[in-house]
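got a sequence here, can you build the structure:
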Amino acid sequence: MARGPSPPSTILIVGAGEFGAATALSLVKGAYAGHEGLITILDRAVDPPAVDAASSDYNKIIRQDYSDPFYAKLACAALTSWRTTEYREHFHESGITVSSARTDPQAKYVRESLAVNLTPEMRCEGRRAFELREATDAKAQYFGVETGDLEGNVAYMNEAGGWADSRGAVVDVLARVRALGVQFAVGEADQLLFGDSKGSKDVRGVRTKQGGAHYADLVVLCTGAWTSTLLPELGHDLLPTGQAVGTIQLSPKEASVYEAVPVAFFLDTGFYCFPPNKDGIVKFAIHDRGWLDPAPHLNLPSIPRTTLTSGYETQQVPPAARRALREGLRRVYPRLAEKDFLETRLCWYTDRPSGDWLLDYHPAYKSLFVASGGSGHAFKFLPVIGDLIVSSMANTLSPKEKSIWSFGGDPSRIDKSRGEHEPMDSMAVSLAFPKPLVILLSHTLDVSPSVLGIARELRTCILAGLVAWSVVSVARLTVDLRRGRPSA
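Residues are numbered from 1 along each chain as shown. Okay, the predicted model is just below:
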């Protein structure tokens, strides 16, 4: 596959989230135009993307605000595509305020990001990026809406950018490729299937939990936070981390007050908040080093635990995360911070320590390509990520792109949007085990995010007609919320 796939080779794309949908679209616009039936998308949802996929959400930030000029320029190109008829139905260019406390190390990121956005190649006609020198300047961006204390911040407003209905955008791309003839299959990939290729072991397809087998000449894993369950060797390099998300419901009158506000993004805490969507729902979240759900039985540092995971109904988002969500909301919209949460949950990222994606053939299997590692910032690139994936398949990426998105990556790079700290998997908050008790225990103990090292053996048995239960070996409940400085 050194020159990229082409007919009559068949392709199996596993996962119908952002990466899978975009890959299929780029293939059918290119070498597979007229041969769309050679491509199959396998997803665990009947109506993909699955409801617990990272891209299946109310909204995602669409921004070009990076301190790294490489991603800033790429995001600028993606933004141009979001404004076209192909994507603009799902895009809302509300603008975005980017802030950090002046005394926080992340103030440096804000200043660098503004400097990048003021360069000529980043400017967008009719849309400005400008510094907010005083708190009154910042408050003026919210059109008279009551805000919290915005004093002491380094901040700027970028009129280029906003948010997108993420699920709607992915569903639309999937509908387009389906209409063109791409095949769809339902099933949850459980293991890779291998065969012999010219005397070497190679991937031939996947087997599903439902017992089905799907084969193709090229298998493309677009499986997000579940990738390491198929490739355990990537457990640390594609680390699933749970990011706290909350929503509140506004009345129509309240929604009309907040409808014109920009996206608010605070890099010192990682908190960000959207304007209300068409249903009056305000989503807010924290882009942080995240929470882990270790899986020692699989020898993996973390696996996703979502609304579809058995036992999830008995669990709660950790109280430390709920408090951080409410404190973040109070900082920007104090009135909204007093409202009840409509929902709280963990959105599962697939984190690489560098923040760079993994778009590369597996070094041991020439017929297996991995497109994953979104690292919490990939969705804004939906209009261009498919072309980048196909370019990687064809070995036509630039030398820098090829290096940073390779299996080895560039070990000198680190995701500075979350602070210049240790690699992510060494400082995460562990939700420790057993699974049904992890978040519940955090709630019971009201564990502070700064506490490190709670180890306890629990074994209880109630006999003589009472309901018997036992909790065995809750080992190393490690809590350290600050895996690094949060941000988004």
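
which strand or helix spans residue 7?
Assigning secondary structure by DSSP states H and E places residue 7 outside every helix and strand.

which residue is nearest the centroid of this protein?
With the centre of the chain defined as its mean C-alpha position, the nearest residue by C-alpha atoms, centre = their mean is residue 376, 3.5 Å away.

my guess is that one meets residue 349, correct?
Yes: under the criterion of C-beta atoms under 8 Å, residue 376 is in contact with residue 349, at a separation of 4.5 Å. (Each C-beta comes from the backbone N, C-alpha and C, glycine too.)

which neighbours do the two share?
Common contacts of residue 376 and residue 349, defined by C-beta atoms under 8 Å, 6 or more residues apart in numbering, comprise residue 243.

can you list phi and psi of residue 238 for me?
In this entry, residue 238 is assigned phi and psi values of phi -120, psi 80 (degrees, to the nearest 10).

what of residue 365?
Recorded main-chain torsions at residue 365 are phi -130, psi 110, according to degrees, to the nearest 10.

next, count neighbours for it.
Residue 365 sits with 19 neighbouring residues when counted by other C-beta atoms under 10 Å.

need the nearest residue in space to it, chain neighbours excluded.
With C-beta to C-beta, 6 or more residues apart in numbering as the measure, residue 203 is the residue that lies nearest to residue 365, at 4.6 Å, once sequence neighbours are left out.

show the subsequent helix or strand relative to the helix or strand hosting the one you found.
Taking DSSP H and E as the definition, one finds residue 203 inside strand 200-208. Helices and strands here follow DSSP H and E; after strand 200-208, the next one along the chain is strand 213-215.

so for that following strand, mean pLDDT?
Across strand 213-215, the average pLDDT comes to 98.

same check, this time on stretch 188-199
Mean per-residue pLDDT for stretch 188-199: 92.

now do stretch 19-36
In this model, stretch 19-36 has an average pLDDT of 98.

quick check: residue 113 is in a helix.
Yes: the secondary structure assignment for residue 113 places it in a helix, going by DSSP: H, G, I helix; E, B strand; the rest coil.

now the helices for the stretch 251-400 of the chain?
252-258, 319-332, 382-393, 399-404 (DSSP state H, counting those that start in this stretch).

check which helices and strands the shortest one sits against.
Helix 399-404 makes packing contacts with helix 382-393 when contacts are defined by 3 or more C-beta pairs under 8 Å, 6 or more residues apart in numbering; DSSP states H and E.

what helices or strands is the helix it packs on leaning on?
Using 3+ C-beta pairs under 8 Å, 6+ apart, helix 382-393 is in contact with helix 18-29, helix 69-82, helix 166-180, strand 358-362, strand 365-372, helix 399-404.

starting at the chain centroid, how far to stretch 39-46?
Between the mean C-alpha location of stretch 39-46 and the chain-wide mean there is a distance of 20 Å, by C-alpha atoms, centre = their mean, to the nearest Å.

identify the residues contacting it?
Residues outside stretch 39-46 that contact it (C-beta under 8 Å, 6+ apart): 10-16, 20-21, 24, 27-28, 32, 48-51, 53, 174, 177, 182-189, 206, 208, 214, 216.

6 Å - rerun?
Around stretch 39-46, the neighbours that count as contacts under C-beta atoms under 6 Å, 6 or more residues apart in numbering are 11-14, 16, 20, 24, 32, 50, 182-188, 214.

ok, stretch 190-206 next?
Applying C-beta under 6 Å, 6+ apart, the set of residues contacting stretch 190-206 from outside is 14, 189, 207-209, 214-215, 219, 230, 365, 367-368.

pull the CA atoms of it into PDB?
Provided in PDB are the C-alpha atoms of stretch 190-206 (Å, rounded to 0.1, in the frame of the first residue of the first chain):
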ATOM      1  CA  ASP A 190     -13.400  -7.200  19.100                       C
ATOM      2  CA  GLN A 191     -10.200  -8.500  17.600                       C
ATOM      3  CA  LEU A 192      -8.000  -8.300  14.500                       C
ATOM      4  CA  LEU A 193      -7.900 -11.200  12.100                       C
ATOM      5  CA  PHE A 194      -4.600 -12.200  10.700                       C
ATOM      6  CA  GLY A 195      -3.300 -14.200   7.800                       C
ATOM      7  CA  ASP A 196      -0.200 -14.800   5.700                       C
ATOM      8  CA  SER A 197       1.000 -12.300   3.100                       C
ATOM      9  CA  LYS A 198       4.100 -13.400   1.200                       C
ATOM     10  CA  GLY A 199       5.400 -15.300   4.200                       C
ATOM     11  CA  SER A 200       4.600 -12.500   6.700                       C
ATOM     12  CA  LYS A 201       1.800 -12.200   9.200                       C
ATOM     13  CA  ASP A 202      -0.600  -9.400   8.200                       C
ATOM     14  CA  VAL A 203      -4.000  -8.100   9.200                       C
ATOM     15  CA  ARG A 204      -6.900  -9.500   7.100                       C
ATOM     16  CA  GLY A 205      -9.900  -8.100   8.900                       C
ATOM     17  CA  VAL A 206     -11.700  -7.900  12.200                       C
END
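
so what's the residue count around the residue nearest to residue 148 when sequence neighbours are not counted?
Here the nearest residue to residue 148 in space, its sequence neighbours aside, is residue 331; by C-beta to C-beta, 6+ apart that works out to 4.5 Å. Neighbouring residues of residue 331 were enumerated by other C-beta under 10 Å; the total is 20.

ok, the one 10 residues further on next?
A count of neighbours around residue 341, defined by other C-beta under 10 Å, yields 15.

cool, and the one 5 residues further on?
Neighbourhood size, residue 346 [other C-beta under 10 Å]: 27.

my read is that it contacts residue 242, right?
Yes: at 3.3 Å, residue 346 and residue 242 qualify as touching, with contact defined as C-beta atoms under 6 Å.

any regions of the chain where pLDDT drops low?
Using pLDDT under 70 as the threshold, the predicted model of the chain has low-confidence ranges 1-2, 314-315, 419-488.

the residue nearest to the centre of the chain: what's it in contact with?
By C-beta under 6 Å, 6+ apart, the residues touching residue 376 are 287, 349.
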